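> Fold the following for me, if possible:
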Amino acid sequence: MSDTTHPSTAPQNLRIPLKQLGLRAGMALQTRRLVEGTSKKESQYIGAIESKGVMVGPIGADAEQTGLTEGEVCVVRGFTGQYEFSFVSKVLQTFEKPFVYTLLAYPTSVDAQLVRQSMRVKMNWPTQVKLAQGAVLGAMLVDLSTAGAMLNTPAPIGAVGEDIGIDMLLDVEGTEVSVHLKGRICHTNRIAADNTVCSGVAFVGATAQDKMALGYVTQTQRGANA
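Predicted coordinates:
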């Protein structure tokens, strides 16, 4: 099993429906007005009604504006953990109540690159992360595969490219197996809804025994989720 594309194969450029991305409320986005000299703005996905519109908002509960103006055109970019994507849309309306958000025209399709084959299974396990500086941080294992994992933490675990340690207790045929792995941070996203950070990590130097334990857990968990 692998959750990455083959090194010899470049990510494929796709045109797919927005709903295929599997966006979830709180996912981080970047919005930028198509006006010369403007810069990107950190935003978040709130929700969408197919063929009607897409709602995006600013980061932070006390944010007062999205930086977008009704009638102008903007480009939206993001990463779902599986797809890197972008689309161009028109600002239909801006709102201040009941909360600050902007309604964008629903795109007929989006430009996307599949950068990870979806072989991970959803989890909800507490674990521990040893940061590059040596501190230990409690984390929640959100999903898992033999090649990597998604971790949810109350604070950032490091910069993209940094290595961290991950300690997990796995249930293998009723026996607790302690697994100590090294992971390299591939991407991070702040989840505005609960002010946490999701970080995707790729395992580095996992032993054959580690991979067997991870494979057993992902297979059994996939069966339980089916």
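> show me where this protein has helices.
Remark: helices assigned in the chain by DSSP state H are 208-225.
> which residues of it score low on pLDDT?
Within the chain, the segments meeting pLDDT under 70 span 1-12, 60-64, 81, 115-120, 221-226.
> Please, where are all the strands along it?
For the chain, the strands defined by DSSP state E occupy 13-16, 28-33, 41-49, 53-58, 73-79, 83-95, 101-105, 110-114, 121-130, 136-144, 148-153, 163-172, 175-191, 196-204.
> could you dump the fifth one to CSV, C-alpha only?
Backbone C-alpha positions of strand 73-79 (Å, rounded to 0.1, in the frame of the first residue of the first chain) are rendered in CSV as follows:
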residue,chain,number,x,y,z
VAL,A,73,-13.3,38.1,-9.5
CYS,A,74,-10.9,36.1,-7.3
VAL,A,75,-8.8,32.9,-7.4
VAL,A,76,-9.2,30.3,-4.6
ARG,A,77,-6.4,27.8,-3.8
GLY,A,78,-6.1,25.1,-1.3
PHE,A,79,-4.9,21.6,-0.3
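> ok, and what's touching that strand?
Contact with strand 73-79 is made by 23, 27-34, 40, 43, 45, 54, 56, 68, 84-91, 104, 187, 189, as judged by C-beta atoms under 8 Å, 6 or more residues apart in numbering. Placement of C-beta: from N, CA and C, glycine included.
> Filter those down to the buried ones.
Buried residues within the contacts of strand 73-79, counting neighbours by 16 or more other C-beta atoms under 10 Å: 23, 27-29, 31-33, 43, 45, 54, 56, 68, 84-87, 89, 91, 104, 187, 189.
> number of nearby residues for residue 175?
By the criterion of other C-beta atoms under 10 Å, residue 175 has 7 neighbours.
> hey, what's it bridged with?
residue 172 (DSSP bridges).
> repeat for residue 105
Going by DSSP bridges, residue 105 is paired in beta bridges with residue 53.
> Okay, it and residue 40: tell me how far apart.
19 Å (C-beta to C-beta, to the nearest Å).
> And for residue 51?
Separation of residue 51 from residue 40 (C-beta to C-beta): 27 Å.
> One more: residue 94?
Taking C-beta to C-beta, one finds residue 94 at 18 Å from residue 40.
> just residue 216 next, same as before
Computed as C-beta to C-beta, the residue 216 to residue 40 distance reads 43 Å.
> Residue 52 now?
Taking C-beta to C-beta as the measure, residue 52 falls 25 Å from residue 40.
> go on, residue 153?
According to C-beta to C-beta, residue 153 and residue 40 sit 25 Å apart.
> Repeat that for residue 205.
35 Å.
> Look at the spatially closest residue to residue 47 that is not a sequence neighbour and say how many residues are nearby.
Using C-beta to C-beta, 6 or more residues apart in numbering and skipping the chain neighbours, the partner closest in space to residue 47 is residue 55 (5.1 Å). Neighbourhood size, residue 55 [other C-beta under 10 Å]: 18.
> Okay then, goodbye and thanks.
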